[in-house]
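Can you look at this prediction? I've put the sequence above it.
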Amino acid sequence: MIIVLKPEATEEDIEHLVDRLRSLGLKSQITKGEERTVVGVIGDERVLQGQPLTVFPGVESVTPILAPWKLVSREFRPHDSVIDVSGIQIGGSRITVMAGPCAVEKLEITVGIAQEVAKAGATILRGGAYKPRSSPYSFQGLGQEGLSFLAEARKQTKLPVVSEILDARDIGYFLEHADIIQIGARNMQNFELLKEVGAYDKPVLLKRGLSATIKEFLLSAEYVMSRGNRNVMLCERGIRTFETQYRNTLDLAAVPTLKEMSHLPVIVDPSHATGNWKLVAPMAKAAIAAGADGLLIEVHSNPECALCDGEESLKPNRFQALMGDLKKIAQAVGREL
């Protein structure tokens, strides 16, 4: 439910309304705009049946939200959300490119790749310190040491860092060393982890699960936002289908669908979606044309020796060429890069 307040509503009016909602066992999310204040009501709205909320001082209108996700929905916030990450605006007119190695390896390799992607025009460094692998014998990442390498690369290049968290017990390290906390596809429905990252204001990049529906995806985002963290980005990274020619099937239709159903920024990961570096560029271009607010691209200086996903990583020169092509496509759809 959305409660829209009148322009002249006072802080006392808001507090009185919130107190009443709290007494009914409901939570409130308050959004203050330039002209109106909106109160999002979270909880079992059946307790509001027969409650004359429109008679409360300062209340202009009351609108129920029919979708099972409330804070994520366009009904709650008609305008696109723009998330600030260390001065970089994600979700506005400028498209954001996050690039870097799939897995953090040596410090000098990480810093070198960071310098290359920054030179090419990327504005955020991606890198995995913790790697959830299908096989227990595959490289699992450097853990805390990897996060420290990313922090050093950030220091030298000024690029904010996005990295994936696997365990809620590591939240302190991510709050210190990462600028965006990534929730990977395998943890999209790890509800305790979602609630944990939702308790902080640190931006969250939520990846769609391997076989998750759009509804399940949005409800997972709702878990994060229901705890108070409104800095959530949605990432389409391909879903599992019957096709075996490539790693996953990139659901490009999800981009405009999510943009229609939600106000949150939508990012596309063409690297994990395809599993083949030759397909990364065309899918990245298609994602921008479809309306994506950003891209998550794997880049490695020596993919042949990469400890993780070298087959889907672009070399720096190919990434630089792609960035040039993406600028043209961004301009064609009225965006910037």
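Structure's in. What do you need?

Now do the same contact list for the nearest residue to residue 106 once chain neighbours are set aside.
Spatial nearest neighbour of residue 106, chain neighbours left out: residue 149 (7.8 Å); criterion: Cβ to Cβ, 6 or more residues apart in numbering. All C-beta spots, glycine's among them, are computed from the backbone N, C-alpha and C. Applying Cβ atoms under 8 Å, 6 or more residues apart in numbering, we find residue 149 in contact with 104, 106, 107, 110, 111, 127, 129, 142.

at 7 Å instead, please
104, 107, 110 (Cβ atoms under 7 Å, 6 or more residues apart in numbering).

Identify, from those residues, the entry nearest to residue 237.
Nearest to residue 237 among the contacts of residue 149: residue 104, at 18.9 Å, using Cβ to Cβ.

Which element, helix or strand, includes the closest residue to the closest one other than its chain neighbours?
The shortest distance from residue 104 to any non-neighbouring residue, by Cβ to Cβ, 6+ apart, is to residue 146 (3.7 Å). Using DSSP states H and E, residue 146 maps to helix 144-157.

Skipping its backbone neighbours, what lies nearest residue 116 in space?
Using Cβ to Cβ, 6+ apart, the closest residue to residue 116 is residue 316 (3.9 Å).

CA atoms only: put stretch 224-244 into PDB for me.
The C-alpha coordinates for stretch 224-244 follow below in PDB (Å, rounded to 0.1, in the frame of the first residue of the first chain):
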ATOM      1  CA  VAL A 224      16.800  -6.700   0.600                       C
ATOM      2  CA  MET A 225      14.700  -3.500   0.400                       C
ATOM      3  CA  SER A 226      12.300  -4.600   3.200                       C
ATOM      4  CA  ARG A 227      15.200  -4.400   5.600                       C
ATOM      5  CA  GLY A 228      15.800  -0.700   4.700                       C
ATOM      6  CA  ASN A 229      18.500  -0.900   2.000                       C
ATOM      7  CA  ARG A 230      17.100   0.900  -1.100                       C
ATOM      8  CA  ASN A 231      20.300   0.800  -3.100                       C
ATOM      9  CA  VAL A 232      19.600  -2.300  -5.100                       C
ATOM     10  CA  MET A 233      20.500  -3.100  -8.700                       C
ATOM     11  CA  LEU A 234      19.100  -6.100 -10.700                       C
ATOM     12  CA  CYS A 235      21.500  -8.100 -12.800                       C
ATOM     13  CA  GLU A 236      20.300 -10.400 -15.700                       C
ATOM     14  CA  ARG A 237      23.100 -12.900 -16.200                       C
ATOM     15  CA  GLY A 238      21.400 -15.600 -18.200                       C
ATOM     16  CA  ILE A 239      19.200 -18.500 -17.200                       C
ATOM     17  CA  ARG A 240      19.400 -22.200 -17.700                       C
ATOM     18  CA  THR A 241      17.500 -23.600 -20.600                       C
ATOM     19  CA  PHE A 242      17.600 -26.700 -22.800                       C
ATOM     20  CA  GLU A 243      20.200 -25.100 -25.000                       C
ATOM     21  CA  THR A 244      23.700 -26.400 -24.600                       C
END
